[in-house]
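1. dropping the sequence and predicted coords here.
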Amino acid sequence: MPVENGQEIAPETVPTSKSNSVFIDANRLRRLLDSNEKENRWDKCSIYRVPCHLLLRNEKAYKPNLVSIGPIHHGEPQLSPMEEHKYRALSQFLKRSKKNVDDFKASMKDCVQQLMESYEKLDEEWLDEDKFLELMVLDGCFVLEILRVFTFDKSLGYSPNDPIFGARGTSTVINILVQEIVMLENQLPFLVLEKLLAVENRISTDSGKYLNDLLSIVGDDICTKDKPAAFSRLHIVDFLRNKIIGTPSENNRPEIDTIGIESATEYKKAGIAFAENDSNFLSDIKLENNILRLPVFEQCTFSEVIWFNVWAFECLHAGLTKDISAYICVMARLLRSTDDVAILHSNGLISVTTFGENQEVVELFKSLYNCIDFRVRGDLLYVIMEVNAYHTRSTKKWKRRIREWSLHLKLTYFRSPWTVLSLFAATLLIGLTVWQTVYTTLSYYNPRS
C-alpha cells in the first residue's frame, strides 16, 4: 500500500502529476528500515550479474552462447540443447561414484543458505531450496566432468564418439565450454565443487588441492604455471584472479594517473630492457637496474573472456585490490602498436603464434583500458613510477649531451663567417673526394666498351 508522511493511505488518494502513479511497497520499505538485511546480503555475495555499462563494452565476453551454469542463465532457449548433455554427465558421475543425487544434495543441505547468498539476486523460482540444490548438483557435476575432459582424464568412461566428452567433443566443443565456465555470470560457489568431490570420494588427495591442480591447467593458458599459494577461493573466476596476481597489493595506496606511462618502444630508446620475472605473478613485477621484469602474457582462445571477467569481478566485489586494473592500464600504455608487442615478444614476454596476433594483443588491452578510469591504485604503478623516473633521467642525459655537442660545434666552427666557410669548404672537399674514389672504383670494375 502507498505511504505519505509515514502514514498508509488509500491508493486512489495518492497525489500525482502524471497519469502513471508510483506506489511504494510499505512492507518492503519497513523491512529495509528495520534491519540491515541488504547490507548483510551484499557482504556474502560473490557471483554477480554484469551491469549494463560493462556489457555495452563487450557483451560477448560475459554472455554464454552454449551452456548455462548456475541459475542466472538457466532456461534461456539458446542454451537449452546442452541440458541433455548435462544429464549424461550427471549419470556417468553417479555411476562412477556409486551414489545417488540425494547423497550429493544432503552434503549441501547444511550450507544451502550460504550457497544461495553467494548470488547477487536469485529469481523467485530458485528460492526453493530443493530445486536450487538439484541445480547445484547437476551443473556442478557437469563442470567437473568438463574440466576433467579438458585435462585429458581418460578414466571417465565415456564413449569415444560422445559429442561432448569423447574424442569428437575434445577437438571441437570442450574449449568453448571451458571458456563459458570462466564467465562471471556462469559461476558456481567453489564450495559446491568441493562438496561433490568429497561425496564422490574418487580422488585420494584433498578436494581443495585436486581442484587447484585441475584449474591450474586451465589458467596456464594465460598466466603463471607456478602452483598458487593458499588463498580463499569463492569460485573459478576468483581462483583465476588470485592465480594471476599472486600476493595482492595494499589497499591503502593512493590512486595514480596512468596517462604518463610510455610505450615499450619509448622505454627501449631510453635504455630500459624487458625480461621475465621470477614467479610470473603480477605482484612480482619489478624494476632491477634498467630491466623491467614482467610476467609472460599468453595470447590464447580464452584470453579475452578471462581478462574481461576477472576484471569485472574485481570491479564488482567489495574489498578487492585493483591489481588487474593496474596491470591492464600498464599493458595498454606499453603496447600501443604491433612494434611494441614485437619488443616484448622478442624478450619472451608475449606468446603469440602468428604476426596477426600482435594486433589482437594491442586491441585486447585497448578494449579493456577503455573500460577503466585513468586513475587507479596498485603496487605495480609504483614500479612504473620508477621506470618513468629512469626514463626521465635518461632523456635528460641525452638532451644534455646534444646541447653539449651543439655548443661545441657553435664555439669551434661557427664563431665567425670565415670558420663557417672553412667548414663548408672542407665538407665539400671530403664529399668530392669520396665521390671521385667511388667513381674510380666503379670504372675499374665496369670499364666502358
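-> Sure thing, it's come through. Numbering: from 1, shown residues only.
2. how many neighbours does Met183 have?
-> 24 (other CB atoms under 10 Å). Using the backbone N, CA and C atoms, a C-beta is placed for each residue, glycine as well.
3. and for Arg202?
-> Quick note: Arg202 (other CB under 10 Å) scores 13 neighbours.
4. from the contact counts, what lies against the one helix or strand Leu344 maps to?
-> For Leu344, the element it lies in under DSSP states H and E is helix 338-346. Where contact means 3 or more CB pairs under 8 Å, 6 or more residues apart in numbering; DSSP states H and E, helix 338-346 is packed against helix 264-269, strand 350-351, helix 356-369.
5. can you rerun that using 7 Å?
-> helix 264-269, helix 356-369 (3 or more CB pairs under 7 Å, 6 or more residues apart in numbering; DSSP states H and E).
6. which parts of the very next helix or strand once past the shortest one are buried?
-> What it means is helix 264-269. Moving toward the C-terminus from helix 264-269, the next helix or strand (DSSP H and E) is strand 273-276. Neighbour-count burial for strand 273-276, counted by 16 or more other CB atoms under 10 Å, picks out Phe274.
7. which strands and helices lie in contact with strand 273-276?
-> Packed on strand 273-276, when contacts are counted by 3+ CB pairs under 7 Å, 6+ apart, are strand 291-294.
8. contact partners of stretch 144-155?
-> The contact list for stretch 144-155 (CB atoms under 7 Å, 6 or more residues apart in numbering) reads 89, 92-93, 156, 165, 170, 174, 177-178, 181, 193, 196, 214, 217-218.
9. can we see that at 6 Å?
-> Under the criterion CB atoms under 6 Å, 6 or more residues apart in numbering, residues 89, 156, 165, 174, 177-178, 214, 217 lie in contact with stretch 144-155.
10. determine which two of those are furthest apart.
-> Ala89 and Ile217 (18.9 Å; CB to CB).
11. please say which of these two ends up with more neighbours.
-> It is Ala89, of Ala89 and Ile217, that has more neighbours when counted by other CB under 10 Å, with 24 against 14.
12. now that one: which helix or strand?
-> Secondary structure (DSSP H and E) places Ala89 in helix 83-97.
13. assign the most centrally placed residue in the chain to helix, strand or coil.
-> Centroid-nearest residue in the chain: Trp307, 1.9 Å away (criterion: CA atoms, centre = their mean). When classified by DSSP: H, G, I helix; E, B strand; the rest coil, Trp307 comes out as helix.
14. with adjacent residues omitted, what lies nearest to it?
-> Spatial nearest neighbour of Trp307, excluding adjacent residues (CB to CB, 6 or more residues apart in numbering): Leu368 at 6.1 Å.
15. residue boundaries of the helices in the stretch 301-449 of the chain?
-> Taking DSSP state H, counting those that start in this stretch as the criterion, the stretch 301-449 of the chain carries its helices at 303-316, 323-334, 338-346, 356-369, 379-413, 417-445.
16. in CSV: these, plus distance to Met82 and mean pLDDT.
-> Shown next, in CSV, are the helices of the stretch 301-449 of the chain (distance: least, CB to CB, whole Å; pLDDT from 0 to 100):
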stretch, distance to Met82, mean pLDDT
helix 303-316, 17, 94
helix 323-334, 29, 91
helix 338-346, 36, 94
helix 356-369, 27, 89
helix 379-413, 39, 69
helix 417-445, 74, 79
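17. make a markdown table out of these and add distance to His74.
-> Formatted as a markdown table, the helices of the stretch 301-449 of the chain follow (distance: least, CB to CB, whole Å):
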| stretch | distance to His74 |
| --- | --- |
| helix 303-316 | 19 |
| helix 323-334 | 28 |
| helix 338-346 | 40 |
| helix 356-369 | 29 |
| helix 379-413 | 38 |
| helix 417-445 | 80 |
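18. and those, which is most packed in?
-> Stretch with highest mean neighbour count among these: helix 323-334 (a mean of 25; mean count of other CB atoms under 10 Å).
19. how far off centre is that helix?
-> Taking CA atoms, centre = their mean, to the nearest Å, one finds the center of helix 323-334 at 10 Å from the center of the full chain.
20. got a list of contacts for that helix?
-> Contacts for helix 323-334 (CB under 6 Å, 6+ apart): 245, 249, 258, 261, 264, 282, 310-311, 314, 365-366, 368-369, 372, 376, 378, 380-381, 384.
21. and if you look at stretch 340-351?
-> Defining contact as CB under 6 Å, 6+ apart, one finds that stretch 340-351 is touched by 263-265, 268, 274, 276, 294, 296-298, 335, 358, 361.
22. got the residues you listed as a markdown table, with distance to Pro189 columns?
-> Formatted as a markdown table, those follow (distance: CB to CB, whole Å):
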| residue | distance to Pro189 |
| --- | --- |
| Ser263 | 42 |
| Ala264 | 40 |
| Thr265 | 45 |
| Lys268 | 46 |
| Phe274 | 39 |
| Glu276 | 35 |
| Leu294 | 33 |
| Val296 | 31 |
| Phe297 | 30 |
| Glu298 | 28 |
| Leu335 | 35 |
| Asn358 | 39 |
| Val361 | 33 |
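23. lowest-confidence entry in those?
-> Lowest-confidence member of the contacts of stretch 340-351: Glu298, scoring 84 (pLDDT).
24. and that residue, how far is that from Leu364?
-> Glu298 sits 12 Å away from Leu364, going by CB to CB, to the nearest Å.
25. do Tyr87 as well
-> Applying CB to CB to Tyr87 and Leu364 gives a distance of 36 Å.
26. tell me, how many residues neighbour Gly140?
-> Gly140: 25 neighbours (other CB under 10 Å).
27. please apply the same query to Phe152.
-> For Phe152, using other CB under 10 Å, the count is 8.
28. secondary structure class for it?
-> Classification of Phe152 using three-state DSSP returns coil.
29. now the helix holding Leu344 against helix 356-369, angle please.
-> Here helix 338-346 runs at an angle of 110 degrees relative to helix 356-369 (axes from the mean of the first three to the mean of the last three CA atoms, to 10 degrees).
30. can you add distance to Leu421 and give the helices and strands packed on helix 338-346 back as a markdown table?
-> Shown next, in a markdown table, are the helices and strands packed on helix 338-346 (distance: least, CB to CB, whole Å):
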| stretch | distance to Leu421 |
| --- | --- |
| helix 264-269 | 37 |
| helix 356-369 | 52 |
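31. among these, which is nearest Arg202?
-> Arg202 lies closest to helix 356-369 among the helices and strands packed on helix 338-346, at 37.8 Å (CB to CB).
32. coming back round to it: pull the CA atoms of the helix holding Leu344 into CSV?
-> Presented in CSV, the C-alpha positions along helix 338-346 are these (Å, rounded to 0.1, in the frame of the first residue of the first chain):
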residue,chain,number,x,y,z
THR,A,338,52.4,-4.1,-33.0
ASP,A,339,56.0,-2.8,-32.8
ASP,A,340,55.6,-2.6,-29.0
VAL,A,341,54.2,-6.2,-28.9
ALA,A,342,57.2,-7.3,-31.0
ILE,A,343,59.6,-5.9,-28.5
LEU,A,344,58.1,-7.8,-25.6
HIS,A,345,57.7,-10.9,-27.8
SER,A,346,61.4,-10.9,-28.7
